[in-house]
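> My questions are about this predicted structure, shown below with the sequence.
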Amino acid sequence: MSGPRVFSDLEAFAAAVGEPLGTSSWHEVTQEQVNLFADATGDHQWIHVDLEKAAEGPFGAPIAHGYLTLSLIPKFIAEVYRVEGLRMGINYGLNKVRFPQPVTVGSRIRAHAELVSVTPGAQGSQAVVRWTIEIEGAEKPACVAETVGLLVA
């Protein structure tokens, strides 16, 4: 990874609809990160936080919460692309989210982004970006999600 792809303004970003935006660096998912996420969300299910029981469970190790994987998208955005000249950009929501493959603790993940659409509106432009979060060495991705951001120039 050589740094984020930089767009000079919203118009330049909109011109990239249909294009890959880039790929993040690899990120190792640690047990500490999983435990902190469990504390923050109150989700202490054994498949995430009980190392011994999870080792004997269906995945052979503790797994990250799907929502933890999803919550890393802002980190990946900072690595993949930047739109300059904006007054603000805020999370507007998600269109689709799937978790085809669990992420075991110690795995490395990275994200690929593609700009699906940019639609002008009264409050700003809604940008839909498709994120595919891959697990190093795995056939299926950990997460596929379409994020919707409200970009205000």
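Thanks, I have the structure now. Note that this is a predicted model, so its numbers are computed, not measured. Residues are numbered from 1 along each chain as shown.

> what does the biggest strand by length in the chain contact?
As assigned by DSSP state E, the longest strand anywhere in the chain is strand 108-120. Strand 108-120 is contacted from outside by 10, 13-14, 16-29, 69, 72-73, 76-77, 80-81, 103, 125-136, 142, 146, 151, using CB atoms under 8 Å, 6 or more residues apart in numbering. Placement of C-beta: from N, CA and C, glycine included.

> Direction included, what does that strand pair against?
If you go by DSSP bridges, strand 108-120 pairs up with strand 20-23 (antiparallel), strand 27-28 (antiparallel), strand 125-135 (antiparallel).

> then that strand to CSV, C-alphas only?
The C-alpha trace of strand 108-120 is given here as CSV (Å, rounded to 0.1, in the frame of the first residue of the first chain):
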residue,chain,number,x,y,z
ARG,A,108,-4.8,-10.8,9.1
ILE,A,109,-7.5,-9.0,7.1
ARG,A,110,-7.5,-6.2,4.6
ALA,A,111,-10.1,-4.3,2.7
HIS,A,112,-10.8,-3.6,-1.0
ALA,A,113,-13.1,-0.7,-1.9
GLU,A,114,-15.1,0.1,-5.0
LEU,A,115,-17.1,3.2,-5.6
VAL,A,116,-20.6,2.1,-6.5
SER,A,117,-22.4,5.4,-6.8
VAL,A,118,-22.5,9.1,-5.9
THR,A,119,-25.9,10.7,-5.8
PRO,A,120,-26.4,14.4,-5.2
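
> buried residues in it?
Neighbour counts using 16 or more other CB atoms under 10 Å place 109-115, 118 of strand 108-120 among the buried residues.

> Span of stretch 118-133 from start to end?
Using CA to CA, to the nearest Å, one end of stretch 118-133 lies 21 Å from the other.

> That'll do, ta.
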